[in-house]
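Q: output the structure for:
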Amino acid sequence: MARSEPRQLLDDLAFPEGPRWHGGRLFFSDMHAHEVVAVDLNGKRETIVSVPGKPSGLGFLADGTLLVVSMRDRRLLRLVAGQLEQMADLSSLASHHCNDMVVDGQGRAYVGNFGFDFESGSPRSTCLVLVTPDGQARAVADELLFPNGCVITPDGRTLIVAETYGLRLTAFDISADGSLTNRRLWAQLQQPPDGICLDAEGCIWAAVPVAPGGFLRVAEGGAIKERIELSEWLGLACMLGGPQRRTLFLLEAKSIATAKGVPGNGRIRVLDVDVPGAGWP
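A: Below is the predicted model of the structure:
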């Protein structure tokens, strides 16, 4: 059976990233608009908070507290009583802007960073940072090429990170203290992965932020199970949410150039899929 076309949920966005389904709404960062936004399945939106340092990765603690990665000042923030406060300063660990994040069931946050200025510099490897619920931060993996979107399996034992400049998905075992061990290749790709999410069959949906862009559903080992192709848009991130976690949210942009990140550059579309989401986020 042919898949239906995605329907538009929001347009007039600058650069949507970091989608997370929580409390019946999709939360995301409109990065270049400096806003965290929530939207329901009817397209009703609410600006949750402004983030001067540009928001990227989002996550939630068990009590519903929102965590936000502040990119340019390399901090992890939490929203308390409508105000952002610092949870951890990552500037001594992250060598450039921070980006995506996944928060596990114990409230531990794994945060990536660029490692270099991707608009004008040469690629350099960097680390993935773990922030514990008490705000302590340490590097738990290194030699990663632009660690970006992350997922954690339902048993909480495996973390998979998208290495954008490595064109691969890399897996680690998660130790009891949150440390990462047993690094291994999960899938080698032909295109760079950006934001990712995991489904109940163990496949990963990965956004592709280059032309021709789109979204890939990838099995461990690298087999491509499904594609959603884009011609004039780029895939930035994706999230499985909705009441049964069978709604695939597609975050897209016309350009990834910072200077072009103005309203109308980004949009969010939705698509019903057969296999629901699993694990974190």
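Q: residue ranges with poor pLDDT in the stretch 51-200 of the chain?
A: In the predicted model of the stretch 51-200 of the chain, residues 121 satisfy pLDDT under 70.
Q: distance from stretch 159-178 to the middle of the chain?
A: Relative to the chain's own centre, stretch 159-178 is displaced by 13 Å; criterion: CA atoms, centre = their mean, to the nearest Å.
Q: list the buried residues in that stretch.
A: Within stretch 159-178, the residues that qualify as buried by neighbour count (16 or more other CB atoms under 10 Å) are 159-166, 168-172, 174, 178. No exception for glycine: its C-beta is placed from N, CA and C like everyone else's.
Q: now swap in stretch 240-250 and tell me
A: Taking 16+ other CB under 10 Å as the neighbour-count basis, stretch 240-250 is seen to contain the buried residues Leu240, Gly241, Gly242, Arg245, Arg246, Thr247, Leu248, Phe249, Leu250.
Q: got it, and stretch 144-156?
A: By neighbour count on 16+ other CB under 10 Å, the buried set for stretch 144-156 is Leu144, Leu145, Phe146, Pro147, Asn148, Gly149, Cys150, Val151, Ile152, Thr153.
Q: and what of stretch 251-262?
A: For stretch 251-262, by 16+ other CB under 10 Å, it's Leu251, Glu252, Ala253, Lys254, Ser255, Ile256, Gly261.
Q: can you tell me the closest non-neighbouring residue to Ser70?
A: When the adjacent residues along the chain are set aside, Ser70 lies closest to Gly53, with 3.8 Å between them (CB to CB, 6 or more residues apart in numbering).
Q: now do the phi/psi pair for that neighbour.
A: Backbone torsions for Gly53, taken as degrees, to the nearest 10, come to phi -80, psi 10.
Q: and for Thr164?
A: When read as degrees, to the nearest 10, the backbone of Thr164 gives phi -60, psi -50.
Q: contact partners for Ser4?
A: For Ser4, the contacting residues are Leu271, Asp272, taking CB atoms under 8 Å, 6 or more residues apart in numbering as the criterion.
Q: and it, what element?
A: Assignment of secondary structure by DSSP states H and E places Ser4 within no helix or strand.
Q: over to the one 4 residues further on?
A: Under the criterion of DSSP H and E, Gln8 resides in strand 7-13.
Q: which residues touch that strand?
A: Outside of strand 7-13, the residues that reach it under the criterion CB under 8 Å, 6+ apart are 16, 30, 33, 39, 41, 43, 45, 249, 263-271.
Q: cutoff 6 Å now
A: With contacts defined as CB atoms under 6 Å, 6 or more residues apart in numbering, strand 7-13 is touched by Asp30, Val39, Gly43, Pro263, Gly264, Gly266, Arg267, Ile268, Arg269, Val270.
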